[in-house]
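Asks: What follows is a protein structure lacking sequence information:
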């Protein structure tokens, strides 16, 4: 059976991680997003956030990780993201990707994608679209997502 | 003058970076997105991509960096992303954020956000919405984005 066929509406994949100060600093290093809102506590204290917060796109990376847990080669087509609440170092974030729709003729999934913190508050909300592809030469069981 | 007032429609900020294998591995480490499509060349060769590719969300991080170059405290509200072409280690990506609309009563900007590779091909397309806030206690010239 092709990987796409085995996936059902309502199927869900989760990723849970504690975001650390080092994660935030590392993300700044690999993207060049060195805003003092993320890196400079004294500056960030003077903003509405009253302290350093994590990059929204770092948190969105956990959604990418959850999508990558679906079987097959998961090709990321589209994502929208609403950043609802700040995430701080020490927060445990659970990212969830749940299948809303299957578009069989294109082997595509539309998914609800959310991130919640340890208090159950939704910090990121959105939807994604992915294409589930097979390995071109089969024989391996690994799955992959981009 | 408040930071928001000084920004005009058509204003643009750019970030340019070469994506390295180490960036991809580091992003995998901080998000948990360890799909073999990004990390395992032998596996990735068997996919439609014919080799390892970078995480889409890593590339989207450059958009976040470009947004953070606008003046004031740049609060990320919303982003949509279409992942159009794969990015590989060694590609130079230019992320651009250009103001399409100003919503003065809420100090919000709507922006066109794109990433192009060294061949000028658009690899990520989308739009973002940000809010431009002031520091609550003034006196510093730094800018910030999330």
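Replies: Cool, got the structure. Keep in mind the model is a prediction, meaning the values are calculated, not measured.
Asks: Is the residue nearest the centre of chain A inside a helix or a strand, and which specific one?
Replies: Geometric centre of chain A, nearest residue: residue A:63, 1.4 Å, by CA atoms, centre = their mean. Take DSSP states H and E as the rule and residue A:63 turns out to sit in helix A:56-67.
Asks: got the buried residues for that helix?
Replies: Neighbour-count burial for helix A:56-67 flags A:56-67 (criterion: 16 or more other CB atoms under 10 Å in any protein chain shown). Every residue, glycine included, has its C-beta placed from N, CA and C.
Asks: near chain B at all, the next helix or strand after that helix?
Replies: As assigned by DSSP H and E, the chain's next helix or strand after helix A:56-67 is strand A:73-83. Yes: Strand A:73-83 is in contact with chain B by CB under 8 Å from any CB of the partner chain, via A:73-83.
Asks: Would you mind confirming that residue A:6 makes contact with residue A:71?
Replies: Yes: Residue A:6 lies in contact with residue A:71 (CB atoms under 8 Å); the separation is 6.5 Å.
Asks: More neighbours: those two, which one.
Replies: Remark: of residue A:6 and residue A:71, residue A:71 carries more neighbours, 20 against 12, as counted by other CB atoms under 10 Å in any protein chain shown.
Asks: ok, the more buried one to residue B:43 distance?
Replies: For residue A:71, the distance to residue B:43 (CB to CB, to the nearest Å) stands at 14 Å.
Asks: so residue A:77 makes contact with residue B:81?
Replies: No: Residue A:77 is beyond contact range of residue B:81, at 9.5 Å (criterion: CB under 8 Å).
Asks: How many residues are close by residue A:98?
Replies: For residue A:98, the tally of surrounding residues (other CB under 10 Å) stands at 16.
Asks: And residue A:18, by the same measure?
Replies: The number of residues packed near residue A:18 is 11, by other CB under 10 Å.
Asks: got the contact list for it?
Replies: Listed by CB atoms under 8 Å, 6 or more residues apart in numbering or on different chains, the contact partners of residue A:18 are A:90-93.
Asks: So what's the gap between stretch A:42-51 and the chain middle?
Replies: 26 Å (CA atoms, centre = their mean, to the nearest Å).
Asks: what distance separates the start and the end of it?
Replies: Stretch A:42-51 has an end-to-end distance of 8 Å (criterion: CA to CA, to the nearest Å).
Asks: ok, now stretch A:29-42?
Replies: 20 Å.
Asks: Show me what counts as buried in that stretch.
Replies: Applying 16+ other CB under 10 Å to stretch A:29-42 flags A:30-40 as buried.
Asks: how about that stretch, does it get close to chain B?
Replies: Yes: if you take CB under 8 Å from any CB as the test, stretch A:29-42 does meet chain B, through A:29-38, A:40.
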